[in-house]
Every structure is written in structure tokens, then in C-alpha cells.
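**Student:** have a look; sequence and predicted model below, questions after that.
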Amino acid sequence: MMMIFGKPAPLLFGQLLLGIVNGSFYAMLSLGLAVIFGILNIINFAHGALFMVGAFSAYLLLHWFGIGYWPALVLGPLAVGLFGAAIERVLLRPIRGLDPLYGLLLTFGLAEVLEGVFTNRFGSSGVTYSVPRLLRGTRDLGFMYLPNYHAFVVVAAIVVCLATWLVIEKTRLGAVLRAATENPAIVQALGIDVPRLVTLTFAGGVALAALAGVLAAPMYSVNPGMGSSYISIVFAVVVIGGMGSIGGAVFTGFLLGVVEGFTKVFYPPGAATVAFVVMVLVLLLRPAGLFGRSR
Amino acid sequence: MGISRRTLITAAAAAATPLPRLAARAAAPTLKIGVLSDMSGPYRDIGGPTAVACVQQAIADFGDKGWTVDVVSGDHQNKPDVGTAIVARWYDREGVDLVIDCPNSAVGLAVANVAKEKNKAYINSNSASSLLTGKDCNANTIHWTYDTYMLGKSTGGAMVKAGGKTWFFITADYTFGHLLRDQTAMFVKAEGGKVLGNVNYPFPQTTDFSSYLVQAQASGAQVLGLANAGKDTVNSVKQAHEFGVNKKMRIAGLLVFLNDVHGMGLEIAQGLILTESFYWDMNDRTRAFTKRVLPRTPNNYPSMGQAGDYSGTLHFLKAVHDMGVPAAKKSGADIIARMKKIPTDDDAYGKAYIREDGRFMCPAYLFRVKTPAESKKPWDYYTLLGTTPAAEAFMSPKVEGCPLMKA
């Protein structure tokens, strides 16, 4: 058997692939976070909790209304996105213009409330959600078995990231959004409803988190703590990628997934900290992040 | 109104620090029991509110003997410093006489020291570490329900005898995981088996086990030993199925509770071999107990740790009644000594006794998880495979090195 650094090559291929699968979630979550942060200047601490709510939305749609996975992929993010719009209107708007730390504290509190409510109702081990019939089964790749669903998640993540990037960089809507970030007063003077734009953007970012949640539901047990285990890594991704840079967030998401995958072979106990080691190194060498412009 | 990078990094650091949560209420009763548990984290379903419900059920079943018993509860968040701070406050200022439950071995061992220092009573019914009755034993502590030695012997020994000779371990990287892995490995080797590999994963941050599962599969071992508990076990078994690990390896859940099986669903949990010292559907007495306690915990059936809370509380109350409340309140060690003198008898655990080192001596039951077709009613999950008698299930007091046994 071929060996690389004293480990069998098939094992490392397997880790590379799994790293990309995990990276898909990092990429999708940091994407939403980067959109909200880059365009609205809000540090959304509730992002992980909304990811969790997204996963539960798939479960609840099935158990309350008998709605399956494929419609849930659209309806879940839509419902949670509406909830996000309500959060923006009711909670975030009154503190807009204040120090961003207020928004941070508010969303942090909101995350705690959401987790508490779901823990109270569903317990901490959570509930299970089956893989849709079409995507069941595993594929023998020679070096490992890959569940079909995992392959689907990678493809879905790439499509979602690409689409988001296109909307923001290449469409008129994206151009208006970016302009509103640079100078809201002038954009407003040109007859564009900026507050509504802000609500829509926040809802869109939240819907992205919820979509990641629905995609995650069949893979992991759907539990109230599932978001909090992602949120600090995802913050690291955004910082490494360059704050507010959408391409940077996506690239770094996948990169960190792979780095973490290899760490799990060479030094498993370090898997939880390696993202932060990378963050420290990047900040020392490129303080604005990999793709960021210094402010 | 720009946000500096510093702000964002500070925010990321804060994300790792959950807010302290506390649930306690104050009153002035004659006797007070504090349920210390994980109320918000990975072990909530195996302790948590159901543990409180079981303690309250024991008090109700004991009946009115002319003195009242009050219950308080607290969340240790799986942190020894948080747990010991709550217990010290309970013992010193709030008049708590007994602390009970306490999943998580790191917290469980730390609380035993506080109980000894303050001379109060402590029943641990939900930690696994066999050190509680080994070198860290003391006269104020009783270890109810189960320990790492019993789990390793019952599940590990049975798997090797059934032909699973080579093992790979996935281990939660803290005191409990290490001990469970080492003691299971000891029985595997004693029966002529071999350990081919092991990975320690970060606890409690890990939710994705796929990497470790692929490594386990690459090792070529016949048995995958999961030296973890709670939500971690649920996730690892679920993902083992997705990656086809269960086709090539047999999975030994070294510490699996009924609530975990419920969380996995039978579709995934079926065929799992595990050990518990209590199952609600064992006999008429366990069924009667479960029927009584369920209205207090409608969505979560009690598993062994919580049944241990019931059994332990009931026995504690009997001992207090035996010696009189004023004498009992004076010294925790005296109550514990009295509890060791009288044999135990309750609906959850039947007749049993407590050994001099503080070990509650109950049989260990080896179960196989039913298939969805075999399961006829809600929470109908286990088939009994075998029983290890109490005297064999736990480590011999000569070997474990508890200082109390030398006296």
C-alpha cells in the first residue's frame, strides 16, 4: 500500500473527501455570516442558532404537515428567513447606528433563547431525520465508502455559494446592495428603499444558514446545540477569509474543512483547535485576512 | 460605524464561553436534597429533569413520616469548578444534606472531595469512573448504578467471547473516556483479544465522527469500541451506519443509555450490544416504578442513572428515618455508614446492598437493541442477553485500592 507521511494513502484520500464535506457547511455558514457582516455591519451571533432552527424546520415540516425533504429544502429556509426578517425589523432596527457591540450582544442573547426553547421542547439529544429515499445508500470508492447524501451536500453547497456570489457581484440587485453599504444616504436619495433592502439582506443571510441546517438535518442528529459547535469555527473562517469577503469566506470554509480532516489523522486531539491556530498564523502574516482589504 | 477585526475575534472567543445557568430555589425544610446534573448539555437526557423527577418520586413513595423533604437542582455544565461551587454553596449555606445524580466523571470526582471536606452525604448515580470507589473513595460517598469496570467487563467481555477478537477504540478525550477504554481493553486482552488502534477526539466539541470512523475501518479491526457517552454515542453510531462501518465491524457501545437508543431510532440502533443495570420493562416492579414516575417526566423514560437516583434517594430516606433526622443532619458520614448497614430494596433495583467501599452492588444486564419489527410499544427497545451477578460485575475491593477497605 502506498504511504504518505507514514499513513496509508487511501486513508488520506478519505480524509480529504470528508474535509470537503465538512468544509461545505463551513462555507455555507460563513457565506451567510459574511453577507450580513459585509453588507449590514452586523455581527450575527445567532447565526449558529438559526442554522439549528433550519434543521428543526425540516423536522417540524415533516412531523406537523407531512412535508418531505425536497419541499423542505425551499420551505424551511423561507420560513426561517421570514423569522429573520422579523428579527431585523423588531429587534435589530432600533439599535442600528449604535455601537456594533449592541447588535452582537443582542444576537448572542437571541441564540441563547432559541437554544433554550428547543432544548426545553426536544431535549438535548434531539431528534432524528432520515436521509431522503433518492439519496440513500453508499458508494464504494475503493478507498472508502461515501454515503450518496454526503456527495449531494458538497454539490449543493458549491451551487449555493456560486449562486450567492453571482447575485451579489453580477446582478443589479447586488450592485444596489453594495452601493447601499458604501453610502446609504445617497442610495436612499436615488429613490431606493434602503431599510427594506437591509431587512431583505438579513433575511437572505438567515435563509442561507437555514438552508445549511436543512442540508445538515439528515447527516447529524438534529439537536439544539448543533449550531453552537459551528459558530466559533465559522467566525474564524470569516476572519481568515478577510472580513466581509464572500469569495474569501467560501474558499476558507473549504480549506479549513480539509485542514481539519488531516489533523484528525495526524493529531486527533488537536482537531478542535487547528482552525484557531490557522487564524493566528494568517493574522500574523496577512492582518487583513487572505482575501480582505484593510479598512 | 465600522467593526474592527479585534471586535470580531473577541466575539469568536466569547462564542466558546456559554452563559452560566443556574436553577435553584430556596426554602427552609427539615431535610434537603440537591440534584446536581447536566441540565443543558450532552448528558441532559440521561440525568437532567428526569433525574429530578425520580428523586421527587422517591420522596413521594417514601411517604409522610412527620418530616418534610425539599429538592433543589443545579446545572454543573460539565465543568468541575461550576459543580463544586454549587455543591459548596448548597452544603454550607442552603442546608442541603444530600447531593445526588452528577453525570460526568470529572465533576463526579470533584464533588466527592467537597462532600468529604464538609462531612455531608453524596450519592453519585450517573458518573462512570471506578475511581469513586477506588483510590478516590471516601466515607461520605456511595457510587450507585454502574462504573467503567462493570461496563468493560459486561460489554467488552461478551463481545470477545462472541468472536470479536480485534478492537479499535474511538475515545472521548477526558478522564472517563480513557478509563472506560483502558478497562475494556483489559478485558479484551484477558479473553485473548487484541487492540489494533485508538483515536482520542476532543470533548465536548466533536459532532462529526466520520474521520475517526474511516480510520477505524482502515484498521481492519472486527469490533469498534465507542468509549464515549450521550450525544457523542448517538452521533458516532448514526454516522457509522452512513459510512457502512457496521457492515464490516461490530459496534460495541460501551456506555449507552435507553435515552440514547431513543435518540438514534431503532432503524439505526438495532443490533447494538450494551450494558445497563436497569431497564423499565424488566419485571412487574420496574414497570410499576416507571408507571408512577412517567407523569413527572412524560417525554423521557428513566434509564439506569435516573432509576439509581430513585433507588438511592429512597434508601437515603430510610437510613435517615432509622437514625432520626437530628442525628442524620449532624454527619454525612454517619448517614452513609447507616446506609451501608441496611440492605436496599426498591422497585427499580430490587434487593441489593452497599459494599464497605461505597459501591452499590447490583447485577449488570447485557442487552441487545431490538429491530423495529420486534418493538411492540413505545420505548420497547431491549432484549436481555445475559446477567453478570453483582459480585462479579464490580472490581474486587482488594484490587481497586480504596483506603476505606484497609481500615
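**Tutor:** Good, I have the coordinates. Numbering: from 1, shown residues only, chains lettered A, B, ... in the order given.
**Student:** contacts, neighbours, all on C-alpha from now
**Tutor:** Fine.
**Student:** tell me where the stretch 51-200 of chain A has helices.
**Tutor:** With DSSP state H, counting those that start in this stretch as the criterion, the stretch 51-200 of chain A has helices at A:69-87, A:100-122, A:148-170, A:172-182, A:184-189, A:194-216.
**Student:** closest to A:S228 out of these?
**Tutor:** helix A:100-122 (8.6 Å; C-alpha to C-alpha).
**Student:** mind listing what's buried in that closest one?
**Tutor:** A:100, A:102-108, A:110-112, A:114-116, A:118-119, A:122 (16 or more other C-alpha atoms under 10 Å in any protein chain shown).
**Student:** give me the subset of those residues touching chain B.
**Tutor:** Among the buried residues of helix A:100-122, the residues that sit close to chain B (C-alpha under 8 Å from any C-alpha of the partner chain) are A:P100, A:L104, A:T119.
**Student:** quick revisit: comparing the helices of the stretch 51-200 of chain A, which comes out most buried?
**Tutor:** Neighbour counts averaged per stretch over the helices of the stretch 51-200 of chain A are highest for helix A:194-216, at a mean of 25; criterion: mean count of other C-alpha atoms under 10 Å in any protein chain shown.
**Student:** what's that one packed up against?
**Tutor:** Applying 3 or more C-alpha pairs under 8 Å, 6 or more residues apart in numbering or on different chains; DSSP states H and E, one finds that helix A:194-216 makes contact with helix A:9-40, helix A:47-65, helix A:69-87, helix A:184-189.
**Student:** what's the closest of those to chain B?
**Tutor:** helix A:9-40 (6.1 Å; C-alpha to the nearest C-alpha).
**Student:** that closest one near chain B anywhere?
**Tutor:** Yes - using C-alpha under 8 Å from any C-alpha, helix A:9-40 reaches chain B at A:L11, A:G14, A:Q15, A:L18.
**Student:** grab the nearest non-local neighbour of the second one.
**Tutor:** By that I understand A:G14. Nearest in space to A:G14, with sequence neighbours left out and distances taken as C-alpha to C-alpha, 6 or more residues apart in numbering or on different chains, is A:M144 at 6.1 Å.
**Student:** what sits against B:T388?
**Tutor:** B:S154, B:P363, B:A364, B:Y365, B:L366 (C-alpha atoms under 8 Å, 6 or more residues apart in numbering or on different chains).
**Student:** circling back: list buried residues within the residues of helix A:9-40 next to chain B.
**Tutor:** Counted by 16+ other C-alpha under 10 Å, those give A:L11, A:G14, A:Q15, A:L18 as buried.
**Student:** what is the burial count for A:M52?
**Tutor:** Burial of A:M52 is recorded as 29 neighbouring residues (other C-alpha atoms under 10 Å in any protein chain shown).
**Student:** repeat that for the one 3 residues further on.
**Tutor:** A:A55 is flanked by 33 other residues according to other C-alpha under 10 Å.
**Student:** thought it was touching A:V222?
**Tutor:** Yes - using C-alpha atoms under 8 Å, A:A55 is in contact with A:V222, at 6.3 Å.
**Student:** rewinding a little: so the residue nearest to A:G14 touches A:A9, yeah?
**Tutor:** No - A:M144 is beyond contact range of A:A9, at 11.3 Å (criterion: C-alpha under 8 Å).
**Student:** most neighbours among the contacts of B:T388, which one is it?
**Tutor:** Neighbour max across these (other C-alpha under 10 Å) = B:S154, 28 neighbours.
**Student:** what sits against that one?
**Tutor:** Contacts of B:S154 (C-alpha under 8 Å, 6+ apart): B:T275, B:A364, B:Y365, B:L366, B:T388, B:A393.
**Student:** could you measure it against chain A, distance?
**Tutor:** According to C-alpha to the nearest C-alpha, to the nearest Å, B:S154 and chain A sit 25 Å apart.
**Student:** more neighbours: A:M144 and A:A9, which one.
**Tutor:** A:M144 (22 against 15).
**Student:** so what does that one have for phi and psi?
**Tutor:** phi -170, psi 170 (degrees, to the nearest 10).
**Student:** identify the residues contacting it.
**Tutor:** A:P10, A:L11, A:G14, B:V214.
**Student:** just give me the closest of the residues you listed to B:G34.
**Tutor:** B:V214 (43.0 Å).
**Student:** the closest one is in contact with A:F13, isn't it?
**Tutor:** No - using C-alpha under 8 Å, B:V214 makes no contact with A:F13, being 10.6 Å away.
**Student:** quick one, which of the two is more surrounded?
**Tutor:** Counted by other C-alpha under 10 Å, B:V214 and A:F13 do not tie: B:V214 has more neighbours, with 23 against 14.
**Student:** how about the host helix or strand of the more buried one and chain A, touching?
**Tutor:** If you go by DSSP states H and E, B:V214 is part of helix B:210-218. Yes - judged by C-alpha under 8 Å from any C-alpha, helix B:210-218 comes into contact with chain A at B:S210, B:S211, B:Y212, B:V214, B:Q215, B:A218.
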